[in-house]
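1. Sharing a sequence plus its predicted fold:
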Amino acid sequence: MRGLTFDIAHMLAGSLVVVSFLQLYQDRLSALINIFAMHALVLALSVAWQAHAQLAPHLYITAAIALVFKAIVIPVALRRIIVRLGIHREIETVVGVGPAMLLGIGLVALAMVVMLRVTADADPLAREDLAFALSVVLLGLLMMVTRRNAVSQVIGFMSLENGLVLAATGAKGMPLVVEISVAFSVLIAFIVIGIFLFRIRERFDTVDMQAMDRFRGEQR
Amino acid sequence: MRIDALSGVLLIPALAACLLAALPGYRLTSRLNVVATLLTLLTAVSLFFVEPKSGDYLLMDDLNKVFIVLTTFVSFTTSVFSASYIGHEIEIGRLKLSYVRFYHAMYQVMMFGMNLALVANNIGLMWVAIEIATLSTVLMVGIYRTHAALEAAWKYFILGSVGIALALFGTILIYMAARPVIGEGLYAMVWTVLVAHAANFDPALLNVAFVFLLLGYGTKVGLAPLHAWLPDAHAEGPTPISAVLSGLLLNVALYALLRFKMLLALNPAAIAPGPLMVTMGLVSCVFAAFMLYRRRDIKRMFAYSSIEHMGIIVFAFGMGGPLANFAGLLHMTMHSLTKSAIFYAVGHISQVKGTQKISDMGGLTVTHPVLGWGLVLGVVAIAGLPPLGIFMSEFLVVSSTFSRQPWLVMILVFGILVALGGLFLRLNTITFGEPRGPTTPAQASYVPMFAHLAIVFMAGIYLPPALVTGFQNVARLLG
């Protein structure tokens, strides 16, 4: 793979990392959901491009799942949930923007150092994809630990899964069973999360995890 | 897919899950649940007589045979316990009748997930199976829908998902390492093919992959820095689920870890996975031992004890070698049996006392002699006192590794002794002294608990030669 094909693949995977950074500093839930939809859109484009470049038509299915399910259905559903819960205007900051971004940059640097060093013999696109994918995974983790709100934790988890899909598609010729399972697991995960969100609402009148922390098993 | 014993242990739970999801009530369904797990157990035992061949998707060797039989056995006894436990929960109205259908279906889904993880001959399939098992337990932990149960389920879900995500990344890296050697496609994810070619894989990729897999599946094993979900999930879910979590799900995650360890061991240039596992095992053991002292919730206390024992097991497997592996395998079996027996006792105890708080229990040997002495026996076993099975296996762990790493073993023994102190301190409050709390007689099924304890007792005195040779074969396989 040479020239333009490589450059476009590179650009799309790189943009996924950039969008992950955008997610990090969104302090309003509705904005965060928009950025997540963008994240999924970039992923879909990236996967579709991989399908084209690797001549692997089954990857178009993965791209379609990412586009329809993650870029459209989930954001719409999440928006309805937060409007119904009345938290769409809520602002949350646990770690400030500055420290979060710095931590994020550190994690991306770590991902690059680790992955580029160990995959020296692999083909260039795969190794860059893996490095970007690990960055997205780590940024997703960072988002999960810096947020208190259940909805933003879920979005952090889903962007983490996007990173995994990027890695799975970058690994050339990986059997379809994995891509479907990844997409499927997101589906299951989302159902589970949905159930939980509604149950949490029923019980606490808030989806703020700080409120849940009061119910620590030891202090009853 | 051929229909043989191997696919049988998958088909029976899958069919039972569909059936149980459709049937109302709880008397019939809890019995059907028992029947389904019994059938699965019988199918699993038949593996000893007619050994099916492994295919591209399903794998059969000495290692997973042991795990499958242990898993199906404990899931059978737990379903017997669960029948009486759930009956009581419905009588007191803690569990709604409409949830029972869901509970039984999920129980079978979990069995399906665990069995699939054990027989899968594909690293991707195994990952999917462990995810299925995890998600079904998450749903069951939250089934009481109290504040604490929801928090526990949420924490378990988030930490479990992160773990499973890291494990998937590691799985992808293994595929990347295998692809240049084996070629693209399905075969680069098949265990038997991977093992045959492991020596030629890129060692650097394998190393990074193992770190991710250790962190990912290590979260599910409950190793120390990643254990935060475990006490909550054990304490807030229904007790049969605590029993299968401790007795089985942790083992299944450990099984995945062991498979990858075997893969790394075949590549001479890759890092030795042993020291990483030994470190995490020791940290878990000592940390959990100290955590036992401040527990006020009985189920939470035994959850920490599970972390401690998983630490010992991972330590033994990390040290490696036929003897230490044998000891680890024996300890794993004994721990599964003992811990689930303890949870059977604890389940009925918290039902009769109406609480899980240790301070509200007391004098159990006077008010409920059978349950009380059952718990005493279980704790004596889990603390590692002779002549029971855990003493035997802990002794083997220590004696097989002492000559190689005396200082590390000293730390391990220290952890075991600290845990012993913590367990007996609490046991004293619960079972002896002034009787506290309700004294209504328990409607309990004692058979599963005493069956497990009897096996553990037997194993401490006499191990059948067939079992010893079987375990020795597996230990050699593990390298």
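-> On my side now, so go ahead. Residues are numbered from 1 along each chain as shown, chains lettered A, B, ... in the order given.

2. quick one: contacts for residue 153?
-> Since no chain was named, I'll use chain A. Residues in contact with A:Q153 (CB atoms under 8 Å, 6 or more residues apart in numbering or on different chains) are A:M143, A:M144, A:R147, A:M209, B:I158. For glycine as for every other residue, the C-beta is placed from the backbone atoms N, C-alpha and C.

3. Not quite, go with chain B.
-> A:F196, B:V138, B:L139, B:V141, B:G142, B:A233, B:E236, B:G237.

4. Am I right that B:E51 is in a strand?
-> No - B:E51 is assigned coil when assessed by DSSP: H, G, I helix; E, B strand; the rest coil, not a strand.

5. just checking, B:T431 touches B:L371?
-> No - between B:T431 and B:L371 no contact is recorded; they are 9.1 Å apart, counting by CB atoms under 8 Å.

6. what residues are shared contacts of the two?
-> Common neighbours of B:T431 and B:L371 (CB under 8 Å, 6+ apart) are B:L364.

7. Sort the contacts of A:Q153 by pLDDT and name the bottom one.
-> Lowest in pLDDT among these is A:M209, which has 56.

8. From B:R94, how far out is the residue in the stretch 1-150 of chain B that chain A sits nearest to?
-> Here the stretch 1-150 of chain B gets closest to chain A at one residue, B:H147, 4.0 Å apart by CB to the nearest CB. Computed with CB to CB, to the nearest Å, the distance linking B:H147 and B:R94 is 14 Å.

9. So for those two, which sits in the more crowded spot?
-> Counted by other CB atoms under 10 Å in any protein chain shown, B:H147 and B:R94 do not tie: B:H147 has more neighbours, with 19 against 13.

10. Could you find the closest non-adjacent residue to B:W127?
-> Nearest residue to B:W127 in three dimensions, chain neighbours excluded: B:T171, at 5.3 Å (CB to CB, 6 or more residues apart in numbering or on different chains).

11. contacting residues around the one you found?
-> Counted by CB under 8 Å, 6+ apart, B:T171 has contacts A:V178, B:I123, B:G124, B:W127, B:M189, B:A209, B:L213.

12. Next, it: phi, psi?
-> Main-chain torsions, B:T171, degrees, to the nearest 10: phi -60, psi -40.

13. Tell me the pLDDT of B:R404.
-> 88.

14. Can you get me a residue count around it?
-> Residues lying near B:R404 (other CB under 10 Å) number 13.

15. Hmm, B:G318 and it touching each other?
-> No - applying CB under 8 Å, one finds B:R404 not in contact with B:G318, separated by 11.5 Å.

16. quick revisit: tabulate the contacts of A:Q153 (CSV), appending neighbour count and secondary structure.
-> Below are these laid out as CSV (neighbours: other CB atoms under 10 Å in any protein chain shown; DSSP: H, G, I helix; E, B strand; the rest coil):
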residue, neighbour count, secondary structure
A:M143, 23, helix
A:M144, 20, helix
A:R147, 23, coil
A:M209, 20, helix
B:I158, 22, helix
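
17. rewinding a little: sort out for me which of the contacts of B:T171 are in helices.
-> Taking DSSP state H as the definition of helices, the contacts of B:T171 contribute A:V178, B:I123, B:G124, B:W127, B:A209, B:L213.

18. which one of these sits closest to B:L223?
-> Nearest to B:L223 among the ones in helices among the contacts of B:T171: B:L213, at 12.4 Å, using CB to CB.

19. Is the residue of chain B found nearest chain A in a helix, a strand, or coil?
-> Across chain B, the shortest distance to chain A (CB to the nearest CB) belongs to B:E184, at 2.8 Å. Classification of B:E184 by three-state DSSP places it in coil.

20. does the closest residue in space to it that isn't next to it in sequence belong to a helix or a strand, and which?
-> Leaving aside its chain neighbours, B:E184 sits nearest to A:G173 (2.8 Å; criterion: CB to CB, 6+ apart). Assigned by DSSP states H and E, A:G173 belongs to no helix or strand.

21. Contacts only, for A:G173.
-> Counting by CB under 8 Å, 6+ apart, A:G173 makes contact with A:Q54, A:A56, B:R179, B:E184, B:G185, B:A188.

22. Which pLDDT value does the model give the last one?
-> This points to B:A188. pLDDT for B:A188: 84.

23. And for residue 118, the neighbour number?
-> No chain in the question, so chain A it is. Neighbours of A:V118 using other CB under 10 Å come to 23.

24. wrong one, chain B
-> Neighbours of B:L118 (other CB under 10 Å): 28.

25. Tell me which residues of the helix or strand hosting it come out buried.
-> For B:L118, the enclosing helix or strand under DSSP H and E is helix B:97-119. Neighbour-count burial for helix B:97-119, counted by 16 or more other CB atoms under 10 Å in any protein chain shown, picks out B:99-101, B:103-119.

26. roughly how far is that helix from the heart of the chain?
-> Chain-centre distance of helix B:97-119: 15 Å, with CA atoms, centre = their mean, to the nearest Å.

27. Chain A: helices as residue ranges?
-> Taking DSSP H as the criterion, chain A carries its helices at A:3-24, A:29-54, A:58-65, A:74-85, A:97-118, A:124-146, A:150-170, A:176-204, A:209-212.

28. Show me what the third one is packed up against.
-> In terms of contacts (3 or more CB pairs under 8 Å, 6 or more residues apart in numbering or on different chains; DSSP states H and E), helix A:58-65 is packed against helix A:29-54, helix A:150-170, helix A:176-204.

29. got the CA positions of it in PDB?
-> Taking C-alpha atoms only, helix A:58-65 is exported to PDB below (Å, rounded to 0.1, in the frame of the first residue of the first chain):
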ATOM      1  CA  HIS A  58     -16.600  -7.800   4.900                       C
ATOM      2  CA  LEU A  59     -15.100  -4.800   6.600                       C
ATOM      3  CA  TYR A  60     -17.800  -2.600   5.000                       C
ATOM      4  CA  ILE A  61     -20.300  -4.400   7.300                       C
ATOM      5  CA  THR A  62     -18.200  -3.300  10.300                       C
ATOM      6  CA  ALA A  63     -18.100   0.200   8.900                       C
ATOM      7  CA  ALA A  64     -21.900   0.200   8.400                       C
ATOM      8  CA  ILE A  65     -22.500  -1.000  11.900                       C
END
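
30. Next, format the contacts of B:T171 as a markdown table and append neighbour count and distance to B:V50.
-> A markdown table is the format used below for those (neighbours: other CB atoms under 10 Å in any protein chain shown; distance: CB to CB, whole Å):
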| residue | neighbour count | distance to B:V50 |
| --- | --- | --- |
| A:V178 | 26 | 32 |
| B:I123 | 26 | 27 |
| B:G124 | 26 | 28 |
| B:W127 | 27 | 29 |
| B:M189 | 27 | 28 |
| B:A209 | 27 | 36 |
| B:L213 | 28 | 33 |
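
31. Which residue in those has the weakest pLDDT?
-> A:V178 (53).

32. With adjacent residues omitted, what lies nearest to B:C285?
-> B:G311 (3.3 Å).

33. The one you found falls within a helix, correct?
-> Yes - counting by three-state DSSP, B:G311 is found in a helix.

34. which residues touch it?
-> Contacts of B:G311 (CB under 8 Å, 6+ apart): B:L223, B:A224, B:M280, B:G281, B:L282, B:V283, B:S284, B:C285, B:V286, B:F287, B:A288, B:G415.

35. Have a look at those and tell me the least confident one.
-> Lowest confidence among those: B:A224, with 84.

36. Type out the PyMOL command that picks the buried ones from the contacts of B:G311.
-> Per 16+ other CB under 10 Å, the buried members of the contacts of B:G311 correspond to this PyMOL selection:
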select buried, chain B and resi 223+224+280+281+282+283+284+285+286+287+288+415
